[in-house]
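**Q** Got a predicted structure here, sequence first:
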Amino acid sequence: MIEFIVYVSIIVPSVFIANKKNFLPNYSGESHQKFFNEKKIPLIGGILILPILLTIFLEKNFFFTLIGCLIFFIGFLSDSKILSSPKKRFILQLFAVSLFVFISNLQVTPTRIELIDRIFESSSLSHLFTIFCLMILINGSNFIDGLNGLLIGYFLIIIIFLTQYNLIDSDLISQKNQIFLIFSFSILLLLNYFNKFYLGDGGSYLLGFILGFILISIYNFEVTTSPNYQVAISPYTIILFLWYPCLENLFSLTRKILSDKSPTSADNNHLHQLIFLYLKFKFENKKKIVLNVSSSLIINSFNLFIILMSSLDFKHTIYQLSLIFAAIFLYCVTYFILNKKLKSITSKK
């Protein structure tokens, strides 16, 4: 594939040049940055994803591409330390996402819950719900971007699954571009695993926005092309695909509020960080990068299992809801067990 060869020939040298020139370094000495390493890694993930966005969406969906570039730019300003205020970033994100949802008339309906569907008969309320979902996903994607390969790997699992089951409409992304997407992100995953670049806010915001748009578009296409929407893919399959970054966001915000902390403050108490820290105590002689990638693989192995289970019947709402609740339950149990064990280990030292 010519596009893939051109892409790789550009981004691989770019990554090594960015490392050599110390371009957009992640490390500034903050405590949460010391958690995994103290090296200066370039925050150029968004810059590396932009060519993919332009290649796949520019011709068929110019407005989406434009808003995607705006979402990236907000994150880029954060990575450049120009826009350091989380509140200002949130407001700018909200403006961009709201503009896209209302102008594109992007909605997630029906939900297969009669009461909610009646409420969403008002298009404005449906738009607000869609905005809420995209905002949770965009920022949740940023929350889970704390381990090498975690967010990119999660995105790749979903895209491979969607391609395998032929769920992506060719008018949205052609089959050729679906393959280009998978191959390109496989290269980015390897480079990320080997600590050659980080996604940064620009990359994680953009990746969350792209994933949300693809999944909502798939569901809307299924509903509009099925004679009976009940035989289309369940909306809760879409929620299941997004459960991890969205739950990480909501869980972390709730945890901080209950602890009288600012919801926007950075800390080291996310689930992926607890898993990393537990492995660090168990395998003290292992390098941080090995434990980093191992933690990422553990989480994404579970996500892969959940998505494979989902594929057994992605049209059945009750089944998908059961998987969502099971995943949330296991997340919470794992979090509290690890948190308790780590507190016990720390108190003994």
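**A** Ah, there it is. Residues are numbered from 1 along each chain as shown.
**Q** Now do the contacts for residue 99.
**A** By Cβ atoms under 8 Å, 6 or more residues apart in numbering, the contact list for residue 99 reads residue 67. Bear in mind the C-beta positions are built from the backbone N, C-alpha and C, glycine included.
**Q** Give me the distance between the residue nearest to residue 45 when sequence neighbours are not counted and residue 97.
**A** Distances taken as Cβ to Cβ, 6 or more residues apart in numbering put residue 203 closest to residue 45, at 2.6 Å, once the chain neighbours are dropped. Using Cβ to Cβ, to the nearest Å, we find residue 203 at a distance of 17 Å from residue 97.
**Q** Can you pick out the residue with more neighbours from these two?
**A** Neighbour tally, residue 203 and residue 97, criterion other Cβ atoms under 10 Å: the higher count belongs to residue 203, 30 against 24.
**Q** List the contacts of the more buried one.
**A** Residue 203 touches 43, 44, 45, 46, 47, 48, 49, 72, 75, 145, counting by Cβ under 8 Å, 6+ apart.
**Q** Can you say which two of those are spatially most distant?
**A** Greatest spatial distance in those: 47 and 145, 15.1 Å, computed using Cβ to Cβ.
**Q** all helices of this structure, in order?
**A** 2-20, 45-57, 62-79, 86-104, 114-119, 123-144, 150-164, 175-193, 200-225, 235-241, 243-258, 271-282, 288-310, 317-348 (DSSP state H).
**Q** mind giving me a markdown table with the ones you listed and columns for mean pLDDT?
**A** Shown next, in a markdown table, are the helices of the chain (pLDDT from 0 to 100):
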| stretch | mean pLDDT |
| --- | --- |
| helix 2-20 | 92 |
| helix 45-57 | 95 |
| helix 62-79 | 96 |
| helix 86-104 | 95 |
| helix 114-119 | 61 |
| helix 123-144 | 89 |
| helix 150-164 | 95 |
| helix 175-193 | 95 |
| helix 200-225 | 89 |
| helix 235-241 | 89 |
| helix 243-258 | 90 |
| helix 271-282 | 92 |
| helix 288-310 | 94 |
| helix 317-348 | 91 |
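**Q** of the ones you listed, which approaches residue 26 most closely?
**A** With Cβ to Cβ as the criterion, residue 26 lies closest to helix 200-225 of those, at 7.0 Å.
**Q** give me every residue that touches the residue positioned nearest the centre of the chain.
**A** In the chain, the centroid-proximal residue (Cα atoms, centre = their mean) is residue 141; its distance is 3.3 Å. For residue 141, the contacting residues are 151, 204, 205, 207, 208, 211, 245, by Cβ under 8 Å, 6+ apart.
**Q** Could you point out which of these is nearest to residue 298?
**A** When the contacts of residue 141 are ranked by distance to residue 298 (Cβ to Cβ), residue 151 comes first, at 14.8 Å.
**Q** Quick check: that closest one touching residue 204?
**A** Yes. With contacts counted by Cβ atoms under 8 Å, residue 151 reaches residue 204, the gap being 5.9 Å.
**Q** Can you pull the residues that touch both of those two?
**A** 141, 145.
**Q** Leaving out sequence neighbours, find the closest residue to residue 138.
**A** Spatial nearest neighbour of residue 138, excluding adjacent residues (Cβ to Cβ, 6+ apart): residue 208 at 4.0 Å.
**Q** can you tell me how far that neighbour sits from residue 95?
**A** Distance from residue 208 to residue 95, by Cβ to Cβ: 16 Å.
**Q** And residue 245, by the same measure?
**A** With Cβ to Cβ as the criterion, residue 245 and residue 95 are 21 Å apart.
**Q** So which bits of stretch 165-184 are buried?
**A** 167, 168, 172, 173, 177, 178, 180, 181, 183, 184 (16 or more other Cβ atoms under 10 Å).
**Q** What's the per-residue pLDDT of the third one here?
**A** Note for residue 172: predicted pLDDT of 91.
**Q** my guess is it meets residue 219, correct?
**A** No. The criterion here is Cβ under 8 Å, and residue 172 misses it with residue 219 at 11.6 Å.
**Q** and the residue nearest to residue 46 when sequence neighbours are not counted, what is it in contact with?
**A** Leaving aside its chain neighbours, residue 46 sits nearest to residue 202 (2.8 Å; criterion: Cβ to Cβ, 6+ apart). Going by Cβ under 8 Å, 6+ apart, residue 202 touches 43, 45, 46, 47, 72, 73, 74, 75, 76, 78, 79.
**Q** before we move on, back to that, so among the contacts of residue 141, which ones count as buried?
**A** For those, a burial check counting by 16+ other Cβ under 10 Å picks out 151, 204, 205, 207, 208, 211, 245.
**Q** Look up how far residue 326 lies from residue 305.
**A** With Cβ to Cβ as the criterion, residue 305 and residue 326 are 11 Å apart.
**Q** I'd like to know which of the contacts of residue 202 is nearest to residue 337.
**A** Among the contacts of residue 202, residue 45 lies closest to residue 337 (Cβ to Cβ), at 31.7 Å.
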